[in-house]
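just coords:
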């Protein structure tokens, strides 16, 4: 059994696998990214990866996946893949296998991030022992948190993105009513996600009286995934309605980030991850986002002290999966070369 660790960031669109020495999970020996949609089984990717490098069975394998882990098994969101830790250990002769929710993996990575791997939205006054809240905004909305004790940080999963969407303005109330026509239960993820962004755009055009630029409208109609089109048009100033859609998405994200900060008393900070926040930094740095985050009445002064940061490193979830694998072997995240 080699002293290596196999880590994976397993998503509905792409999967990244990497081999690390167990003493250092910052720089992989090798890494490969695959199109998840081109294979029927996760086993096939692991087979191809280990076969390409002639790797001996790693001491530890740890995979970050989109979905709740139940008894070390998970069904991947947006893919017909089922993963079982015991089955993978038996199939590939791994010494140990960990499955971890992808947002929990992001939380594991927080304490390992370097200054250049985050963007500070609100500096605040961080308590180095306080809880940290994590929100991952991508296709969906994931939530998790990190607690820090005397020995080592400990990450925890959550399904907070599926809690109720609570509008904070008359416009958001109208959006909620619009979403109710489509869904019996409107979670915050329905409005605050990549999927939600297209719904917000449609709502602004069909019910709020916004007129879309004809060229941008054609691009959105032709796109298999309209989210990148809406974001890019907003950033380039080509569409007022796209700009408002992204701003409204960020308003909802700010309010939910404030909610999470209050629920956790996250004096250690709030970290925003996933694919969308690094792409919409101008909106997150704007006063509109700041005001929506602080709009909690008597607790606004508390939220002014909470740091808010964006994780800009695309490797964070992969590192978090590796750190989780090391912890399952009994090591502290502070002793694995970070």
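Received, thanks. As the structure is a computational prediction, the values presented were derived from the model and not from experiment.

Residue 79 is in contact with residue 36, isn't it?
Yes. Here residue 79 reaches residue 36: they are 5.9 Å apart, a contact under Cβ atoms under 8 Å. For the C-beta atoms, the positions are set from N, CA and C on the backbone; glycine is no exception.

shared neighbours of the two, which are they?
residue 12 (Cβ atoms under 8 Å, 6 or more residues apart in numbering).

Could I get the full set of strands for the stretch 1-150 of the chain?
According to DSSP state E, counting those that start in this stretch, the stretch 1-150 of the chain carries its strands in the segments 2-10, 14-21, 30-35, 58-65, 73-75, 82-84, 96-101, 118-122, 132-137, 141-148.

what's the least confident stretch among those strands?
Of all the strands of the stretch 1-150 of the chain, strand 2-10 carries the lowest average pLDDT, namely a mean of 87.

can you pull the buried residues of it?
Using 16 or more other Cβ atoms under 10 Å as the test for burial, strand 2-10 gives 4, 5, 6, 7, 8, 9, 10.

With adjacent residues omitted, what lies nearest to residue 89?
Spatial nearest neighbour of residue 89, chain neighbours left out: residue 97 (4.5 Å); criterion: Cβ to Cβ, 6 or more residues apart in numbering.

wait, doesn't that neighbour sit right on residue 59?
No. Using Cβ under 8 Å, residue 97 is not in contact with residue 59; the gap is 10.9 Å.

Looking at these two, which is more packed in?
Shown here are residue 97 and residue 59; by other Cβ atoms under 10 Å, residue 97 has more neighbours (24 against 17).

can you pull the contacts of the more buried one?
60, 61, 62, 63, 72, 85, 86, 88, 89.

now with 10 Å?
6, 58, 60-63, 72, 83-91, 325, 328 (Cβ atoms under 10 Å, 6 or more residues apart in numbering).

Repeat that for residue 243.
230, 233, 234, 235, 236, 237, 283.

Let's see that with 6 Å instead.
residue 234 (Cβ atoms under 6 Å, 6 or more residues apart in numbering).

The one 5 residues further on too?
Remark: with contacts taken as Cβ under 6 Å, 6+ apart, residue 248 is in contact with residue 200.

mind checking which helix or strand it is in?
helix 240-264 (DSSP states H and E).

how far is that helix from where the chain is centred?
In terms of Cα atoms, centre = their mean, to the nearest Å, the centre of helix 240-264 is found 15 Å from the chain centre.

Tell me what angle it forms with strand 118-122.
80 degrees (axes from the mean of the first three to the mean of the last three Cα atoms, to 10 degrees).

Pairing partners for the next helix or strand after helix 240-264, with directions?
Downstream of helix 240-264, the first helix or strand assigned by DSSP H and E is strand 269-273. Strand 269-273 has the following sheet partners, assigned by DSSP bridges: strand 132-137 (parallel), strand 308-311 (parallel).

Distance-wise, check the residue nearest to residue 215 when sequence neighbours are not counted relative to residue 230.
Leaving out its chain neighbours, the residue that sits closest to residue 215 by Cβ to Cβ, 6+ apart is residue 238, at 7.8 Å. Noted for residue 238: a distance of 11 Å to residue 230, by Cβ to Cβ, to the nearest Å.

Please find the angle between the direction vectors of the helix holding residue 248 and strand 141-148.
Using the same axes, to 10 degrees: helix 240-264 against strand 141-148 is 30 degrees.

So what sits opposite the spatially most central residue of the chain in the bridge?
Centroid-nearest residue in the chain, with Cα atoms, centre = their mean: residue 136, separated by 2.7 Å. Beta-bridge partners for residue 136, by DSSP bridges, are residue 142, residue 273.

what residues are up against it?
Here residue 136 is in contact with 103, 106, 142, 273, 274 (criterion: Cβ under 6 Å, 6+ apart).

Can you report how many residues lie near the second one?
Translated: residue 106. Neighbour tally, residue 106, other Cβ under 10 Å: 30.

what do you get for the fourth one?
Close neighbours of residue 273, defined as other Cβ under 10 Å, add up to 30.

Check residue 46 too.
20.

Grab the nearest non-local neighbour of it.
Using Cβ to Cβ, 6+ apart, the nearest residue to residue 46 is residue 92, at 6.2 Å.

again, but for residue 246
Closest to residue 246 by Cβ to Cβ, 6+ apart is residue 234, at 4.3 Å.

I'd like to know how far residue 35 sits from residue 271.
28 Å.

whoops, residue 292 was the one
Taken as Cβ to Cβ, the span from residue 292 to residue 271 is 17 Å.

Can you give me the buried ones in the host helix or strand of residue 220?
In this structure, residue 220 sits in helix 214-222 according to DSSP H and E. By 16+ other Cβ under 10 Å, the buried positions in helix 214-222 come out as 216, 217, 219, 220.
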